[in-house]
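Engineer: how would this look folded up:
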Amino acid sequence: MQVVIHAGAHMTDEDRLINTLLANRDLLAEIGTDVPFPSSYRKLLRDILNAVAENGITEETRANVLSAIDHDAGSDRLVLSNQAFFGTPKMAVGQGMFYPAAETRIEAFRQIFAHDELELFLALRDPATLLPALFAKTPHDTMADFLNGVDPVQFRWSETIARFRHTFPDMPITIWCNEDTPLVWAQVLREMAGLDPHAAFEGEFALLQEIMTSAGMKRFETYLASHPGMTETQKRRVISAFLDKFVKDEEIEEELDLPGWTEDLVESLSEAYDEDVYEIERIQGVNVIAP
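Structural biologist: Presented below is the predicted three-dimensional model:
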């Protein structure tokens, strides 16, 4: 069985992807993809992951997990999603890196699903906005305390992905930038679910409905109806053009009111992030979904 682990990252998804997959459960069941309700496994897996060092993984663990989610034995692909799989927001950074405990968590998943094929799906986010968003969810009083004195410029997603690639050389890894999600939403969902690249599904433009004005959305839907058979590349160009004109600015703009978080620092972090994504694209065996 293929087991998809969608591990966030934190502050990138807010369960939009898994909720869209859940809205298509019947369709996905027809192609052998099982999308259980998160409430059936998140607490169970959290407890297993937190106790793995002390209790280890037994032969019954996999059966217990599959029983809890009422898994269909006829399915050959299982999708599990939780931005907390690698820990809480305060565990998202440490030792000058993102998700220092992630390898331990992935190894636990590998032991639970020892005879299955594990796949990792992970959205990245610009550290200029991610670090303040994470900090706001922690008990720390200052960003310096949260980062343990490490310069925020030192945090690199490429280091994280390279660690995963080195530790788990055979595990498929799919990543995308959260900032690109409106453009790559459909492809991310299809690849996560194991759908054909051209398969229709409910909610293909659900994210656009959140960030585009109602007038713009109506014009977008009319345009799609009058231009059937567009390729994904063509759809992305159309989406980009409509967002340029009809995006809800309040839905995509973020105000960063944090002591020491200057415009120069934000610009520096964002430029480093862009360069970092290019580095990730060079890591062999990593599938980068880009516009």
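Engineer: mind listing what the closest residue to residue 290 other than its chain neighbours touches?
Structural biologist: Excluding the flanking residues, the one nearest residue 290 by Cβ to Cβ, 6 or more residues apart in numbering is residue 180, at 6.5 Å. C-beta: built from backbone N, CA, C; applies to glycine. Residues counted as contacts of residue 180 (Cβ atoms under 8 Å, 6 or more residues apart in numbering) are 289-291.
Engineer: swap in residue 98?
Structural biologist: 9, 92, 155, 157, 159-160.
Engineer: what lies in contact with the helix ranked longest in the chain?
Structural biologist: Counting by DSSP state H, the longest helix found in the chain is helix 263-281. Here helix 263-281 makes contact (Cβ under 8 Å, 6+ apart) with 124, 126-128, 131, 152-153, 156-158, 161, 175, 177, 256, 286, 288, 290.
Engineer: same check on stretch 70-87?
Structural biologist: Here stretch 70-87 has contacts from 1-13, 15, 17-18, 21, 29, 32-36, 38, 40-42, 45-46, 49, 92, 99, 101-102, 105, 109, 116, 192-194, using Cβ under 8 Å, 6+ apart.
Engineer: kindly report the same for stretch 40-53.
Structural biologist: 57, 61, 64-65, 68-70, 80, 82, 84-85, 104-105, 108, 111-112.
Engineer: tell me which of those has the lowest pLDDT.
Structural biologist: Among the contacts of stretch 40-53, residue 57 carries the lowest pLDDT, at 89.
Engineer: any stretches of the chain with poor pLDDT?
Structural biologist: Applying pLDDT under 70 to the chain flags the ranges 251-253.
Engineer: which residues in it form helices?
Structural biologist: 16-22, 25-30, 42-55, 59-68, 102-112, 127-135, 143-146, 157-167, 181-193, 206-211, 214-226, 232-246, 249-252, 263-281.
Engineer: what's the angle between the longest one and helix 157-167?
Structural biologist: Right, helix 263-281. Put simply, helix 263-281 runs at 30 degrees to helix 157-167, going by axes from the mean of the first three to the mean of the last three Cα atoms, to 10 degrees.
Engineer: check which residues of helix 263-281 are buried.
Structural biologist: Going by neighbour count (16 or more other Cβ atoms under 10 Å), the buried part of helix 263-281 is 265-266, 269, 272-273, 276-277, 280.
Engineer: please apply the same query to the second one.
Structural biologist: Under the neighbour-count criterion of 16+ other Cβ under 10 Å, helix 25-30 has 27-28 buried.
Engineer: identify all contacting residues around it.
Structural biologist: With Cβ under 8 Å, 6+ apart as the test, helix 25-30 has contacts from 21, 34-35, 72, 75, 193-195, 201-202.
Engineer: just the buried ones from those residues?
Structural biologist: 21, 34-35, 75, 193-195, 201.
Engineer: now tabulate these in JSON lines and tack on distance to residue 239.
Structural biologist: JSON lines is the format used below for those (distance: Cβ to Cβ, whole Å):
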{"residue": "21", "distance to residue 239": "20"}
{"residue": "34", "distance to residue 239": "30"}
{"residue": "35", "distance to residue 239": "25"}
{"residue": "75", "distance to residue 239": "32"}
{"residue": "193", "distance to residue 239": "20"}
{"residue": "194", "distance to residue 239": "23"}
{"residue": "195", "distance to residue 239": "19"}
{"residue": "201", "distance to residue 239": "16"}
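Engineer: out of those residues, who's nearest residue 214?
Structural biologist: Residue 214 lies nearest to residue 201 out of the buried ones among the contacts of helix 25-30, by Cβ to Cβ, at 22.5 Å.
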